[in-house]
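> what would the 3D arrangement of this be:
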Amino acid sequence: MRGLRKLYKTLKGTHHAPDDDTFAKGAPCRCSPNWPALESTANGYTVRALPSAHYSIMTNPDVGTFVARCTGCHARYLSPWIIDTTDTMPYAWARETD
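Residues are numbered from 1 along each chain as shown. This next block holds a predicted model:
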């Protein structure tokens, strides 16, 4: 459990506003086709997200604060999703000073 706490503390730049519209709008996707691509933020950087049959421990809304949105219209994605593990995670934040 200590490892998870440390991980969430490390992800300080992750979007922490699940109930507001500053990152993802609370409206249906207006793109054609719907949900062309998803994105989220981690440590202040945009990362690719993928629709999934399940949440990961980090994207589960009961556990974490990650929010996914449509890349086109910025509608909030309410179904389960995961962070794309084939996308290179930007680790520049690890070298930043507080």
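
> give me the nearest residue to residue 37, chain neighbours excluded.
residue 71 (4.3 Å; CB to CB, 6 or more residues apart in numbering). For the C-beta atoms, the positions are set from N, CA and C on the backbone; glycine is no exception.

> the longest strand anywhere in the chain pairs with which strands?
Secondary structure of the chain read by DSSP state E shows that its longest strand is strand 45-51. Partners of strand 45-51 in the sheet, by DSSP bridges, are strand 38-42 (antiparallel), strand 81-83 (antiparallel).

> right, and residue 81 touches residue 70 too?
No - if you go by CB atoms under 8 Å, residue 81 and residue 70 don't touch, sitting 11.2 Å apart.

> shared neighbours of those two, anything?
Residues touching both residue 81 and residue 70 (CB atoms under 8 Å, 6 or more residues apart in numbering): residue 38.

> on that earlier part again, mean pLDDT for the strands paired with strand 45-51: which is lowest?
Mean pLDDT is lowest for strand 38-42 out of those, coming in at a mean of 88.
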